[in-house]
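> can you look at this prediction? I've put the sequence above it.
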Amino acid sequence: MDVGRYLVEAHLREGRAIAELARVHGVHRSWMYKLLARYRAEGEAGLVPRSRRPHRSPTAMPEALAEQIVRIRARLLAEGLDAGALTIQWHLAQQDLHVPSASSIIRLLRRRGLVVPEPHKRPRSSFIRFEAALPNQLWQIDATHWTLADGSAVEILNLVDDHSRLLVAAAAVRTVKAADAVAVFHQAAARVGYPAALLSDNAAVFSGSSRKGKVLLEAELERLGIRRNAAPYHPQTCGKVERLHQTQKKWLARQPTAATCAELCSRLDRFRLHDNAHRPHRAIGRRTPQEVFDAKCKAGPGSALAPVHYRVRYDTVDPQGKVSLRYDSRLYHIGLGRPYRGTKIVMFVADRDVRVLTEDGDLLRELVLDPARDYQRQSA
């Protein structure tokens, strides 16, 4: 029996005073009077607990706007495009409609059963993101696999500007060869200019280091005065172009399957134009890559702004509460404190900028390495 029913029966059947019942059970007398009034007017139904939801909510999202949000999401998903709250906000703004907050859009989509809440992931404070300072300061290049309508395999070669996320080139070939990589690189440069540096993994088409030689792309970059950065052990350093692969494949999966490489190239051109001009990106302040690329002056071959050298190092804090890091052929020791001894850590290194985190993503220390000191003491 709920408290309200018990109190009403105690008053009416046992004759106990309302003031006494309210004092003993820690409720207000006015609430008991309301219960009695409802009971006399409605009988047993008047004692059923009622919703506290307000009858009106003047600030609630208008139904017409809610339906428009649902339609935008359905259209984006049907086209294989990103349909998150931030993207929906951008499309509403393009139509000069009222733009609710991202959290309001997410709540609406959850109420409609269109999105399912995900478990909490790794905290954003544990992420470290590297970005070139200017457009064309650094490009990332990589290839990924795709399948044509007849089941034959092809490769898609993508080139992305590190600063703006601009997709500067996307082409499909049966197998990416050295000449293909150079041709696509020059096509991209014809659109937006040559970069100061190019970042890639050590795939055979991009690097001849495993064969102690030099491939055509490396020779061409050397001729143009363009630096080449390679990431032999950490493919996550090419994360921008790797992430672009996922978005691109999601879009292609929603299109009719291409029968030839030429047809696939035509689709990739459509995707490139849409991604650059009509896809707001969270990592660049909810702007489109083309907006960010056009907003600043461009770097180029021989630019004084060298791309940041970054790497990831895994280690365990020693018994004295320190970890070591080699920089510019010299070993340095970073103090973390004895309470962390034995803790497994991850170091994100961007030239002399260092962040030390636990494997769970908790930030232990952030510092700029001082080359004049072997031991990087903790600040007071």
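Structure received. Numbers count the residues shown, from 1 in each chain.

> report the buried residues of the helix ranked longest in the chain.
Counting residues, the longest helix in the chain under DSSP state H turns out to be helix 261-278. Using 16 or more other C-beta atoms under 10 Å as the test for burial, helix 261-278 gives 261, 264-265, 267-268, 271-272, 275-276. In short, each C-beta sits where N, CA and C put it, glycine included.

> can you list contacts of that helix?
Helix 261-278 is contacted from outside by 81, 146, 148, 154, 156, 166-167, 169-174, 244, 247-248, 251-252, 255, 258, 288-290, 293, using C-beta atoms under 8 Å, 6 or more residues apart in numbering.

> now that helix, how far from the chain's geometric center?
Here helix 261-278 is found 22 Å from its chain centre; the criterion is C-alpha atoms, centre = their mean, to the nearest Å.

> the contacts of helix 261-278 in helices, which ones?
244, 247-248, 251-252, 289-290, 293.

> tell me the one among those nearest to G213.
Distance to G213 across the ones in helices among the contacts of helix 261-278 (C-beta to C-beta) is lowest for L244, with 29.3 Å.

> quick one: that closest one and I156 touch, right?
No. Using C-beta atoms under 8 Å, L244 is not in contact with I156; the gap is 10.1 Å.

> so which residues of the stretch 1-150 of the chain form strands?
Taking DSSP state E, counting those that start in this stretch to define them, one finds strands in the stretch 1-150 of the chain at 139-147.

> what distance do you get for the closest residue to V115 other than its chain neighbours to D150?
Closest residue to V115 apart from its sequence neighbours, by C-beta to C-beta, 6 or more residues apart in numbering: L109 at 4.5 Å. Using C-beta to C-beta, to the nearest Å, one gets 38 Å for the distance from L109 to D150.

> A153 pairs with what?
Taking DSSP bridges as the rule, A153 bridges to T147.

> which ones are touching it?
The neighbourhood of A153, defined by C-beta under 8 Å, 6+ apart, consists of 145-147, 174.

> and if we set it to 10 Å?
For A153, the contact set (C-beta atoms under 10 Å, 6 or more residues apart in numbering) comprises 145-147, 174-175.

> how about G208?
Counting by C-beta under 10 Å, 6+ apart, G208 touches 178, 202, 214-219.

> A60: which of those residues is nearest?
Nearest to A60 among these: N202, at 55.7 Å, using C-beta to C-beta.

> hey, where'd the helices end up in the chain?
Ranges of helices in the chain, per DSSP H, are 3-14, 18-25, 29-42, 63-78, 85-94, 102-111, 178-192, 216-224, 239-253, 261-278, 289-295.

> between these, which gets nearest to D315?
Among these, helix 239-253 comes nearest to D315, with 21.7 Å by C-beta to C-beta.

> CA atoms of that closest one as PDB?
Extracted in PDB, the C-alpha atoms of helix 239-253 (Å, rounded to 0.1, in the frame of the first residue of the first chain):
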ATOM      1  CA  GLY A 239      44.600   8.900 -38.800                       C
ATOM      2  CA  LYS A 240      42.900  11.700 -40.800                       C
ATOM      3  CA  VAL A 241      43.100   9.900 -44.100                       C
ATOM      4  CA  GLU A 242      42.200   6.600 -42.400                       C
ATOM      5  CA  ARG A 243      39.100   8.200 -41.000                       C
ATOM      6  CA  LEU A 244      38.200   9.600 -44.400                       C
ATOM      7  CA  HIS A 245      38.300   6.000 -45.800                       C
ATOM      8  CA  GLN A 246      35.500   5.000 -43.400                       C
ATOM      9  CA  THR A 247      33.300   8.000 -44.300                       C
ATOM     10  CA  GLN A 248      33.900   7.400 -48.000                       C
ATOM     11  CA  LYS A 249      33.100   3.700 -47.900                       C
ATOM     12  CA  LYS A 250      29.900   4.300 -45.900                       C
ATOM     13  CA  TRP A 251      28.800   6.700 -48.600                       C
ATOM     14  CA  LEU A 252      29.800   4.400 -51.500                       C
ATOM     15  CA  ALA A 253      27.900   1.500 -49.800                       C
END
